[in-house]
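Engineer: Make a model of this:
(one chain, ligands or ions: 3)
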Amino acid sequence: MAQYEAVIGLEVHVQLDTVSKLFCSCSTVFGCPPNTNVCEVCLGMPGVLPSINREAVHYAALVGLATNCTVNLRSVFARKNYFYPDLPAGYQISQYDLPVCEHGFLRIQVAGNEKTVGIIRIHLENDTGKNIHAQNENVSYVDLNRAGTPLVEIVSEPDMRSAAEVVIYLKTLYSIVTYLGVCDGNMEEGSFRCDANVSLRPMGATFLGTRTELKNINSFRNVQRAVEYEIVRQQDILDGGDIVKQETRLYDAVKNVTHAMRSKEEAHDYRYFPDPNLLPVEINPDDLATWRAGLPELPKERLARFKDMTGLPEADIEILVQHARIADFFEKAAAMSDPRKCANYMIGPLLRECHAHNLPVDPACWVMKPEALAELVRVVDSGVISAKIANDIFGELFSNGAMPEAYITENGIGQISDSGALEEAVDAVIAENPAEVAAFRGGKTKLSSFFVGQVMRATKGKANPALVNELLNKKLC
Ligand code: ADP
Ligand code: MG
Ligand code: ZN
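Structural biologist: Ligands and ions are numbered 1, 2, ... in the order given. Presented below is the predicted three-dimensional model:
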């Protein structure tokens, strides 16, 4: 069996979170009744004139600045001609030879090493509508609410070599666009989706093999599985002495396979030409300088700062910076208590609860607030409850959103730190275990943990361990 190297390049579509569409003032809100956010422009009626949404240009430039691109002060919209029912004009307005940004790169962390993935271009375009193929009726519907929503397409160099690298690159890009605030990050709604181009070549070769393109994948897990599947599929073909056909394929997440959608022979000749209805997009250099200066703290810098705050290794706290909302949650909790302990609760029990309840790792989906996490850290620090009890009640606090102090009082789970009450328990344990007391006094000091354990049992784990030790020392020695 020959040794192959996988070569992967991605085209990522990012929906820009503007209030209105790219060329008209219709709303971009998701989930409205079909065909309610539409007008003559996004319905592609003849004779209408598109006018550019400047906010979309601003957002596209921000993505370029954050990915080390050259932002072109002048770019040109071009018509990409093809027929599809969800594209009423018969052409998409995109950018071709003069995109808004180009020649960038992203640095990603792969197993502790930094790797650079080149970005060829970033262009602006309008999204299509949606075809809805009704399940039990022999009919298809078209919803044009999404038609005209602004997108940027970020096209990478074929610089990735494995499914794992693809996922890291995508997550890096995802965190950047959500930090910039230009994308809402709702992958289930299609706000961030990609096409993966995959080819194989003999290990050590420098030419590119024939690629297939896996269309429209909208979860990290599906990208990983689709690319893994495709690498194996191509390897089998090459091992069998056949050649890979250049084609577009679809990934079926239910069956975990890819299947052919259209071949390159049927591939579109889009007949791009500059859109005569739109002037070139101009960006004022002063605006660009202002945007550059106003870039927010990006995930990489935030990670470095969180590392300093917590003293924890990057690999452990990476999850905290993946989404701006998670990072903000952590930052809030950390400001009100001990940062390192907050981080540990988040990467331990909190993630566990998310997985247990099948909830996204996104504070927008949690009822627990950062104030509650900070309070939990503080009640453990001040000895109101033990770390063990905190772990035991974490699931409850996560599910019901209660504030820890109130929850502890209501449920009578505070730690016993009152020496009078504890003294009684300690005296009882000493009285009940004369043989062990004698052995301890005879030099078997290891027995001290036995006494602590007995007191803990008697108090159902609520005794303050430091205080128990202190009392035992006083009474036994
Ligand atoms: P198209 O519209 O035909 O898909 P694009 O230039 O928009 O072409 O995108 C091409 C994408 O495919 C880029 O991300 C590029 O890195 C990637 N690519 C090109 N050739 C190969 C190849 N042989 N193997 C893997 N990826 C490739
Ligand atoms: Mg493509
Ligand atoms: Zn419209």
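
Engineer: Would you quantify the distance from the residue lying closest to A253 once chain neighbours are set aside to ligand 3?
Structural biologist: The spatial neighbour of A253 that comes closest, neighbours along the chain excluded (Cβ to Cβ, 6 or more residues apart in numbering), is N222 at 5.1 Å. C-beta coordinates here come from the backbone N, C-alpha and C atoms, glycine included. Distance of N222 to ligand 3, given as Cβ to the ion, to the nearest Å: 31 Å.

Engineer: Read off the pLDDT value for N222.
Structural biologist: At N222, the pLDDT value in this model is 96.

Engineer: which stretch of helix or strand covers it?
Structural biologist: Per DSSP states H and E: N222 is located in helix 220-239.

Engineer: quick one: pLDDT of the nearest residue to V257 once chain neighbours are set aside?
Structural biologist: For V257, ignoring the flanking residues on the chain, the nearest one in space by Cβ to Cβ, 6+ apart is Y229 at 6.3 Å. For Y229, the model assigns a pLDDT of 97.

Engineer: What is the burial count for Y229?
Structural biologist: The number of residues packed near Y229 is 20, by other Cβ atoms under 10 Å.

Engineer: who's in contact with it?
Structural biologist: 251, 256-258 (Cβ atoms under 8 Å, 6 or more residues apart in numbering).

Engineer: Now list the buried members of these.
Structural biologist: 251, 258 (16 or more other Cβ atoms under 10 Å).

Engineer: Now, the contacts of Y229 that are in strands?
Structural biologist: 251, 257-258 (DSSP state E).

Engineer: Closest one to ligand 3 out of the residues you listed, please.
Structural biologist: Comparing the ones in strands among the contacts of Y229 against ligand 3 with Cβ to the ion places Y251 closest, at 31.3 Å.

Engineer: returning to what we had before: quick one: distance of the helix holding N222 to the chain centre.
Structural biologist: Relative to the chain's own centre, helix 220-239 is displaced by 23 Å; criterion: Cα atoms, centre = their mean, to the nearest Å.

Engineer: pull the CA atoms of it into CSV?
Structural biologist: What follows is helix 220-239, C-alpha atoms only, in CSV (Å, rounded to 0.1, in the frame of the first residue of the first chain):
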residue,chain,number,x,y,z
PHE,A,220,-16.9,20.8,13.4
ARG,A,221,-17.7,17.2,14.1
ASN,A,222,-19.1,16.6,10.6
VAL,A,223,-16.1,18.3,8.9
GLN,A,224,-13.8,16.0,10.8
ARG,A,225,-15.8,12.9,9.9
ALA,A,226,-16.4,13.9,6.3
VAL,A,227,-12.7,14.7,5.6
GLU,A,228,-11.6,11.5,7.4
TYR,A,229,-14.1,9.5,5.3
GLU,A,230,-13.0,11.2,2.1
ILE,A,231,-9.3,10.5,2.7
VAL,A,232,-9.9,6.8,3.2
ARG,A,233,-12.2,6.7,0.1
GLN,A,234,-9.6,8.3,-2.1
GLN,A,235,-6.8,6.1,-0.7
ASP,A,236,-8.9,3.0,-1.6
ILE,A,237,-9.4,4.3,-5.1
LEU,A,238,-5.7,5.0,-5.6
ASP,A,239,-4.6,1.7,-4.0
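
Engineer: dump the residue contacts of the closest residue to ligand 1 within the chain.
Structural biologist: Nearest residue of the chain to ligand 1 (Cβ to the nearest ligand atom) works out as G9 at 2.1 Å. Residues near G9 by Cβ under 8 Å, 6+ apart: 155-160, 196-197, 211.

Engineer: re earlier: flag every buried residue along the helix holding N222.
Structural biologist: Here helix 220-239 shows 220, 222-231, 233-235, 238 as buried, counting by 16+ other Cβ under 10 Å.

Engineer: How about the contacts made by C101?
Structural biologist: C101 neighbours (Cβ under 8 Å, 6+ apart): 60-61, 63-64, 67, 69-72, 121-123.

Engineer: now the residues you listed: which count as buried?
Structural biologist: Using 16+ other Cβ under 10 Å, the buried members of the contacts of C101 are 60-61, 63-64, 67, 69, 71-72, 121-123.

Engineer: Give me the subset of those lying in helices.
Structural biologist: When DSSP state H is applied, those are split such that 60-61, 63-64 fall in helices.

Engineer: Just send those residues back as a markdown table, with pLDDT too.
Structural biologist: As requested, these are arranged in a markdown table below (pLDDT from 0 to 100):
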| residue | pLDDT |
| --- | --- |
| A60 | 98 |
| A61 | 98 |
| V63 | 98 |
| G64 | 98 |
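
Engineer: what does the host helix or strand of E153 contact?
Structural biologist: Per DSSP H and E: E153 is located in strand 150-156. Contacts to strand 150-156, defined as Cβ under 8 Å, 6+ apart, come from residues 9-16, 18, 21-22, 28, 53, 56, 59-60, 63, 67, 94, 100, 117-127, 169, 173.

Engineer: Those, buried ones only, as a PyMOL selection?
Structural biologist: Here is the PyMOL command that selects the buried residues among those (16+ other Cβ under 10 Å):
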select buried, resi 9+10+11+12+13+14+15+16+18+21+22+28+53+56+59+60+63+67+94+100+117+119+120+121+122+123+124+125+126+127+169+173
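
Engineer: Show only the entries of the contacts of strand 150-156 found in strands.
Structural biologist: Per DSSP E, the subset of the contacts of strand 150-156 in strands is 9-15, 94, 117-126.
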